[in-house]
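**Student:** just need the structure, nothing else, for what follows:
(2 chains)
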Amino acid sequence: MKQALALVLASGTLGLAPDAEAGIAPPAAHAYVFADAAAGTPTRPLLVDDGSGDWALFWANGGGSDDGNGGGSDGGNGGDSDDDDCNLNDPACGAGNAAPAGTVAPPKNGLFTDGTAPVVKSN
Amino acid sequence: MKPLFAALALTTALIAPGLALARPVTLTTNLSDYGGRGAYLAIYVTDPSGAYAGSLWMAGGKSKYYKHLSDWARFTAGDVAQVDGITGASVGAGQSLELTMDLADALFDAGYTLHIDAAVEDMRDSPNEIAVPLTGNGAGQPVQGRRYIADFTYAF
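**Tutor:** All right, here's what the predicted structure looks like:
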């Protein structure tokens, strides 16, 4: 009986936690609206009232950190992360993505010489 | 003699325009220290009427994030084929991206505009962060960005 009561209490605590968080939001908290509430969507754009009267579109990663500060979670050094780019050796990563430079000819869009791939340098 | 001269004139007329069709152009994008993860950048061109003319480069490999490059996504309906073969890694804060490519001469001093959309995870999207007319006089002149791009320059 005690175990059952403990379970009920635990689940009640967990279930109410988000409400409790909402209750302690600071007065300056902004309104958040999920623009795409589809379950399982890996990324969700968020409409956020930033207080300026404009609604801004944010890139929110559904699997990202929950620290609530909206910043990056990897030290903020701005380096490329594995989450952002595809590993060319990972077949699963390439599905549905554009072909990386050097693997196929550039599109024949008339902007640059057909078949001549741009040369890229990043540092 | 006359047939030889005519043949020479004809081949010259055919080859010369081809040589003048493209010129090597270097696009340099310096990112600011915005303190976030790698930025996705879509570099594309619109024609004199403001219609999408084509893409030059996509920095960032995962197409599921391209919707955050919202102007580019609107122009292309998110068609990844537009950036097949011209896609590379995202660019970190404080880093620079330097691209060298042969661009059609017809793009310069003809009303075409180069645009850059930028997006960073967990940060505000920045469509059309750079919009710079492609002109001979504009070459080598840095253009400041609004949010993630410190400056952008194209040079011959």
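
**Student:** report how many residues lie close to residue A:109.
**Tutor:** Counted with other Cβ atoms under 10 Å in any protein chain shown, residues neighbouring residue A:109 total 17. Where you see a C-beta, it was placed from the backbone N, CA and C, and this is true even at glycine.

**Student:** from chain B, how far off is it?
**Tutor:** According to Cβ to the nearest Cβ, to the nearest Å, residue A:109 stands 3 Å off from chain B.

**Student:** looking at chain A, which helix or strand is least sure?
**Tutor:** Here the helix or strand of chain A ranked lowest by mean pLDDT, DSSP states H and E is strand A:32-34, holding a mean of 41.

**Student:** how about chain B?
**Tutor:** Of all the helices and strands that make up chain B, helix B:2-19 has the lowest average by mean pLDDT, DSSP H and E, namely a mean of 47.

**Student:** list the buried residues in the helix or strand that comes right after that one.
**Tutor:** The helix or strand immediately downstream of helix B:2-19 is strand B:22-31, counting by DSSP states H and E. For strand B:22-31, a neighbour-count test (16 or more other Cβ atoms under 10 Å in any protein chain shown) marks B:22, B:25-31 as buried.

**Student:** quick one: contacts for residue B:150?
**Tutor:** For residue B:150, the contact set (Cβ atoms under 8 Å, 6 or more residues apart in numbering or on different chains) comprises B:30-32, B:144.

**Student:** closest to residue B:123 out of the buried residues of strand B:22-31?
**Tutor:** Closest to residue B:123 out of the buried residues of strand B:22-31 is residue B:31 (12.4 Å), distances taken as Cβ to Cβ.

**Student:** so how many other residues sit close to the residue in chain B that chain A sits nearest to?
**Tutor:** Relative to chain A, the nearest point of chain B is residue B:93 (2.6 Å; Cβ to the nearest Cβ). Residue B:93 has 21 neighbours, counted by other Cβ under 10 Å.

**Student:** got a pLDDT number for it?
**Tutor:** You'll see residue B:93 listed with a pLDDT of 96.

**Student:** in chain A, where is pLDDT below threshold?
**Tutor:** The model of chain A has pLDDT under 70 over residues A:1-95, A:114-115.

**Student:** remind me which helix or strand residue 117 belongs to.
**Tutor:** The chain I'm using is chain A. Here residue A:117 is assigned to no helix or strand, by DSSP H and E.

**Student:** to clarify, I was referring to chain B.
**Tutor:** Applying DSSP H and E as the criterion places residue B:117 in strand B:113-119.

**Student:** do the same with residue B:138
**Tutor:** Element membership for residue B:138, per DSSP H and E: none, as it lies in no helix or strand.

**Student:** touching, it and residue B:132? I think so.
**Tutor:** Yes - contact criterion Cβ atoms under 8 Å: residue B:138 and residue B:132 qualify, at 6.4 Å.

**Student:** list residues touching both of those two?
**Tutor:** Shared contacts of residue B:138 and residue B:132 (Cβ under 8 Å, 6+ apart): residue B:154.

**Student:** returning to what we had before: can you tell me if the following helix or strand past the strand holding residue B:117 touches chain A.
**Tutor:** Using DSSP H and E, the helix or strand that follows strand B:113-119 in sequence is strand B:126-133. No - on the criterion Cβ under 8 Å from any Cβ of the partner chain, strand B:126-133 is out of touch with chain A, staying 9.0 Å away.

**Student:** counting contacts, what elements does strand B:126-133 pack onto?
**Tutor:** Contact here means 3 or more Cβ pairs under 8 Å, 6 or more residues apart in numbering or on different chains; DSSP states H and E; on that basis strand B:126-133 packs against helix B:70-76, strand B:113-119, strand B:149-155.

**Student:** what comes up buried for it?
**Tutor:** Quick answer for strand B:126-133 (16+ other Cβ under 10 Å): B:126-130, B:132.
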